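Q: The following comprises the amino acid sequence and a computationally predicted model.
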There are 2 protein chains.
Amino acid sequence: MTTETFQFKLLATDGKARRGEISMPRGVIRTPAFMPVGTGGTVKAMYMDQVRDLGADIILGNTYHLMLRPGAERVAKLGGLHEFGRWQKPILTDSGGFQVMSLSALRKIDEHGVTFRSHIDGSRHEMSPERSIEIQGLLGSDIQMQLDECVRLPAEEAEIERAMEMSLRWAERCKSAFGDQPGKAMFGIVQGGDTPTLRERSARALAGLDLKGYAVGGLAVGEPQDVMLDMLDVTCPLLPSNKPRYLMGVGTPDDILKSVGRGVDMFDCVMPTRAGRHGLAFTRHGKINLKNARHAEDHRPLDEESSCPAARDYSRAYLHHLVRSNEILGMMLITWNNLSYYQDLMAGIRAAIGEGSFATFTDETAARWARGDIPPLG
Amino acid sequence: MTTETFQFKLLATDGKARRGEISMPRGVIRTPAFMPVGTGGTVKAMYMDQVRDLGADIILGNTYHLMLRPGAERVAKLGGLHEFGRWQKPILTDSGGFQVMSLSALRKIDEHGVTFRSHIDGSRHEMSPERSIEIQGLLGSDIQMQLDECVRLPAEEAEIERAMEMSLRWAERCKSAFGDQPGKAMFGIVQGGDTPTLRERSARALAGLDLKGYAVGGLAVGEPQDVMLDMLDVTCPLLPSNKPRYLMGVGTPDDILKSVGRGVDMFDCVMPTRAGRHGLAFTRHGKINLKNARHAEDHRPLDEESSCPAARDYSRAYLHHLVRSNEILGMMLITWNNLSYYQDLMAGIRAAIGEGSFATFTDETAARWARGDIPPLG
């Protein structure tokens, strides 16, 4: 049930894994949740109706992309991002900081904020913590993220510390800028790189700000998976258990399973959509590269047991042909399959936590991946 | 109602315009018909379900593309093109000759047939009239086209004549190769460039072969529209009135209206799909370039009266944004809109012919295009 205010309810736990529900005016988000990435107001190669029908309760929008094109003020004039992109359920926006670091040129960062040039047209932009929140407000975002500085790993500890401390000060500024918006939320972001003591300090300080939710940032930026998991082991117990926890930019189905097992509630990642545009399909049998010649004359579908037409009704041979020919329909179908697989995985996770069988679910899912794809045709 | 044999029934005429029905085992084709182009087994950026739901009774497949990738024998092994591409209604395939001329390298043409190198991987291929029919049979095509030689205009009359005469001899060879297939059809193709006497000779000779249908080829290859229409004026009266007439590769909505008025029953063209991938929308108000800045803050849809969601439910501002950002969804939506417009136009044409109001329909449709798009927002 939707609520007038932003609320998080823990419905079940199973070990550290949590099943819950965020309710807010635009809808209910069943957690653990995977948020498809709708970078520039579109989940690439998908109709929004399809995204909704797959069971996604929330999508993510990228502030950096949207502020550059079509522009936050323009989106606001057009009724906000929900209206613009025809998605009526909740939207989470990132702060724009991560893409400034990864995509823009000539960026400069200081206590005030970041200055950068657009990767599209070279135009100069400034973004302070306050402006990031203002932009996210113009977009009409339901869950907004604080501006932070994300350091690429490996990095010097002093550098990680400096960025983490500044991110904490920016969290306070974002909290003030966001003010009191009962139906929406602003999440803080734990930083601290791969240094446990810095992660701890960041998590404790943010917890003290009593925000509506907490993200773990600066992970999945090149470090090995076990470093990421170690950081979750350090961080999650320090975050208030009555607030949702969001692991930003993660990840593979395996990353998600292991992170849920450490107490994470929300995820986003371009992986299913980006892989879908490159012929890589996520399935119960693991990851399948449809470019591979073994599929060229295989009349079987990706997964005959799937409820997704893309997985169930199209032959691998046809998908292979579409991928080899760079056909848009190939991208449409494999993206659809991938988002379906991710949403089904999350539904399976939620059900397992509810039944207290999350460990079994994890083992069985991983075992199926390990067995790999069905044997080639004889 | 489908029939076990290929049949064409003339249901109404209005001036030279004809409303009819082709019935065959895979379905009924209401004429005048527009066939969306499904080059390589996919109508680009569309799900086949959408194409069907727009009212398309038949699609076109390109023999040249399909023989190179995935290969005719492979498609046959996979159950044929209907099964492969998930389109159960009739499919017309061209002979491959036109694309050999326009796309391949190192082509050589003589009485035997054509030799060429693939534009994809440079591999060498031969195609005789007999092999073209064999390939179309392997694909499972319902309406197959004779191999012909299409001369690019302008050209010397002697060259046009030579190609036309050879195309006639190839028509006979294709007829023999096709043999007796009651539920399918093989169409001959009138050639003769922009020379009326050659067009006449070609049409009369083909009519003498008693084929199941006749195409007019070698038009819309660079000549002005009035030359094309003159050739139709010369050709159509010489074709048997009890057989369907197909104008290949045509065209704009205006070309279609004017050609229907001269007795043409079938059309195919990449225009709606190709334009859709480049931000050009066909509407009742004429052609609209969504890249244009005038749409950037226009919350109105392309056409609020359309029954197509792409035309009715998405703002021009959003479509503009998608096109400017090269988003796949932009191509998906505008292609959808365009094919919807083309199918609606054909439905309107058929209804008007049935009511004896084709001239009025033509005038009103053209007048609406001439008035142009709705005024920009104030």
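A: Structure received. Residues are numbered from 1 along each chain as shown, chains lettered A, B, ... in the order given.
Q: Now do A:Leu81 against chain B, distance only.
A: Separation of A:Leu81 from chain B (C-beta to the nearest C-beta, to the nearest Å): 10 Å. C-beta here means a position set from N, CA and C on the backbone, and glycine is covered the same way.
Q: doesn't A:Asp142 make contact with that residue?
A: No. Judged on C-beta atoms under 8 Å, A:Leu81 makes no contact with A:Asp142 at a distance of 9.6 Å.
Q: Spit out the residues that contact the two alike.
A: Common neighbours of A:Leu81 and A:Asp142, using C-beta atoms under 8 Å, 6 or more residues apart in numbering or on different chains, are A:Ile91.
Q: interface residues of chain A facing chain B?
A: Residues of chain A lying near chain B by C-beta under 8 Å from any C-beta of the partner chain: A:40-42, A:44-47, A:69-70, A:74, A:77-79, A:84-86, A:277, A:296-297, A:299, A:313-315, A:317-318, A:320-322, A:324-325, A:327-329, A:331-332.
Q: burial count for A:Pro154?
A: For A:Pro154, the count of nearby residues is 11 (other C-beta atoms under 10 Å in any protein chain shown).
Q: For it, which phi and psi angles does the backbone take?
A: Main-chain dihedrals, A:Pro154, degrees, to the nearest 10: phi -70, psi 150.
Q: State the distance from A:Ile120 to A:Gly41.
A: Per C-beta to C-beta, to the nearest Å, A:Ile120 is found 15 Å from A:Gly41.
Q: Could you say which helix or strand holds A:Ala163?
A: Using DSSP states H and E, A:Ala163 maps to helix A:157-178.
Q: tell me the mean pLDDT for that helix?
A: Mean pLDDT, helix A:157-178: 97.
Q: Can I get that helix in CSV, CA atoms only?
A: Provided in CSV are the C-alpha atoms of helix A:157-178 (Å, rounded to 0.1, in the frame of the first residue of the first chain):
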residue,chain,number,x,y,z
GLU,A,157,44.5,6.1,2.2
ALA,A,158,44.9,9.8,2.7
GLU,A,159,43.1,10.5,-0.5
ILE,A,160,40.3,8.1,0.4
GLU,A,161,40.0,9.7,3.8
ARG,A,162,39.9,13.3,2.4
ALA,A,163,37.1,12.4,-0.1
MET,A,164,35.2,10.5,2.6
GLU,A,165,35.3,13.4,5.0
MET,A,166,34.3,15.9,2.4
SER,A,167,31.4,13.5,1.4
LEU,A,168,30.3,13.6,5.0
ARG,A,169,30.2,17.4,5.0
TRP,A,170,28.3,17.3,1.7
ALA,A,171,25.8,14.9,3.3
GLU,A,172,25.0,17.5,5.9
ARG,A,173,24.6,20.2,3.2
CYS,A,174,22.4,17.9,1.1
LYS,A,175,20.3,17.1,4.1
SER,A,176,19.7,20.8,4.7
ALA,A,177,19.1,21.5,1.1
PHE,A,178,16.6,18.6,0.9
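Q: Mind giving me the packing neighbours of that helix?
A: Counting contacts by 3 or more C-beta pairs under 8 Å, 6 or more residues apart in numbering or on different chains; DSSP states H and E, helix A:157-178 is packed against helix A:129-139, strand A:185-190, helix A:196-208.
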